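**Q** what follows is a protein structure lacking sequence information:
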């Protein structure tokens, strides 16, 4: 997952007219995904060494799992690992309103262009 | 003095993988191939299922297999006995196949054969109930396996896999008399998060349920029939 993140950021970075010096990557990670923020943070800190991401911070904002029950016309929060259907009417969890996000929300960078780096990706 | 800027991206973290998956799918569509991504935990019976599937469906369709395994070619060798091209991809330390790895497999297939002759590509993913659920490889449908011995609670614990699946095969049904596992409970747990998934209890050992699984595969291959017809008109 970390590698996938780095490749996606690298694509963006290389598409810029002058590759900028990135300072922070802001992610939005839903609770109903296969990403554990602590592990991602750890792996990112290891894998960014000696790349264009050296010194870059990763800021991860988690979003809760929220589903909408069309039968009850209301949102509810499924309990991950325990119960996903609507606690009131037992309709299945079909309409997820929050929690599936795996998004690079924004990237902070400064006007200095990046230094040369060892492209060891 | 330098100035700080903010670029609002709003792109998926897996954007690069997704682009690769879309590219792979476009190739499959161009050749009139249906691709199924077969996923489960290690030991749930993916390879045994594919053996039984190849034994029957190779009489009806031209099939290729892309076989993901961390280190060995043991599974690939089992499947080569059925006379189909099996492209083995060793993922090394990676616990899932990604679209780039599968693109390599497709490239090999198209180099060695005329890909338009094929009807079905079965991708056997690395045994893992977590990461493969998030990494599309270019498939048209996802097939998840859950063996009876894994227990009723696995869909609750690994929900993304079971929520993403288009077909769930409950495998090793022959063991049911020997286990305290409630199949109805498994089904109910999966339906909580995926009410539309096709659920087929099967046993690769006794053959139970396999006809229903083959029919499900046939129904997917039928979807590519218009594209295939067009190809035969062109050539």
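**A** Arrived safely, thanks for sending. On a predicted model such as this, the values are computed, not experimentally measured, just so you know.
**Q** what ranges do the helices span in chain B?
**A** Using DSSP state H, the helices of chain B run over B:15-31, B:46-57, B:74-80, B:99-112, B:154-157, B:159-164, B:183-193, B:210-223, B:225-234.
**Q** how about whichever helix in chain A runs longest: buried residues?
**A** Ordering each helix of chain A by length in residues (DSSP H) puts helix A:2-15 first. In terms of neighbour count (16 or more other Cβ atoms under 10 Å in any protein chain shown), helix A:2-15 has its buried residues at A:2, A:4, A:5, A:6, A:7, A:8, A:9, A:10, A:12, A:13. C-beta here means a position set from N, CA and C on the backbone, and glycine is covered the same way.
**Q** counting by contacts, list what the next helix or strand after it packs against.
**A** Using DSSP states H and E, the helix or strand that follows helix A:2-15 towards the C-terminus is strand A:20-30. If you count contacts as 3 or more Cβ pairs under 8 Å, 6 or more residues apart in numbering or on different chains; DSSP states H and E, strand A:20-30 packs onto helix A:2-15, helix A:37-47, strand A:57-63, strand A:102-113.
**Q** show me what the longest one is in contact with.
**A** In other words, helix A:2-15. With contact meaning Cβ atoms under 8 Å, 6 or more residues apart in numbering or on different chains, helix A:2-15 is reached by A:19-20, A:22, A:25, A:27, A:40, A:43-44, A:47-48, A:51-53, A:104, A:107, A:114, A:121, B:7, B:9, B:11-17, B:98, B:135.
**Q** from those residues, list the buried ones, please.
**A** Taking 16+ other Cβ under 10 Å as the criterion, what is buried in the contacts of helix A:2-15 is A:19-20, A:22, A:25, A:27, A:40, A:43-44, A:47-48, A:52-53, A:104, A:107, A:114, B:9, B:11-17, B:98, B:135.
**Q** list the buried residues in stretch B:96-110.
**A** B:96, B:97, B:98, B:99, B:100, B:101, B:102, B:103, B:105, B:106, B:108, B:109.
**Q** out of those residues, the closest to chain A would be?
**A** In terms of Cβ to the nearest Cβ, no member of these lies closer to chain A than residue B:98, at 7.2 Å.
**Q** if we ignore the residues flanking it in sequence, what's nearest that closest one?
**A** residue B:135 (5.0 Å; Cβ to Cβ, 6 or more residues apart in numbering or on different chains).
**Q** off-centre distance for stretch B:109-122?
**A** 17 Å (Cα atoms, centre = their mean, to the nearest Å).
**Q** for stretch B:168-184, that is, sorry about that
**A** When distances are taken as Cα atoms, centre = their mean, stretch B:168-184 is centred 21 Å away from the chain's centroid.
**Q** what residues does chain A put near chain B?
**A** For chain A, the contact set with chain B under Cβ under 8 Å from any Cβ of the partner chain comprises A:1, A:4-5, A:7-8, A:11-12, A:20-21, A:23, A:27, A:29, A:32-35, A:80-85, A:92-94, A:102-112.
**Q** are any of these buried, and which?
**A** Neighbour-count burial (16+ other Cβ under 10 Å) applied to the residues of chain A next to chain B gives A:1, A:4-5, A:7-8, A:12, A:20-21, A:27, A:29, A:32-35, A:83-85, A:92-94, A:102-109.
**Q** any idea which helix or strand of chain B has the worst average confidence?
**A** Lowest on mean pLDDT, DSSP states H and E among the helices and strands of chain B sits helix B:225-234, with a mean of 73.
**Q** done for today, thanks.
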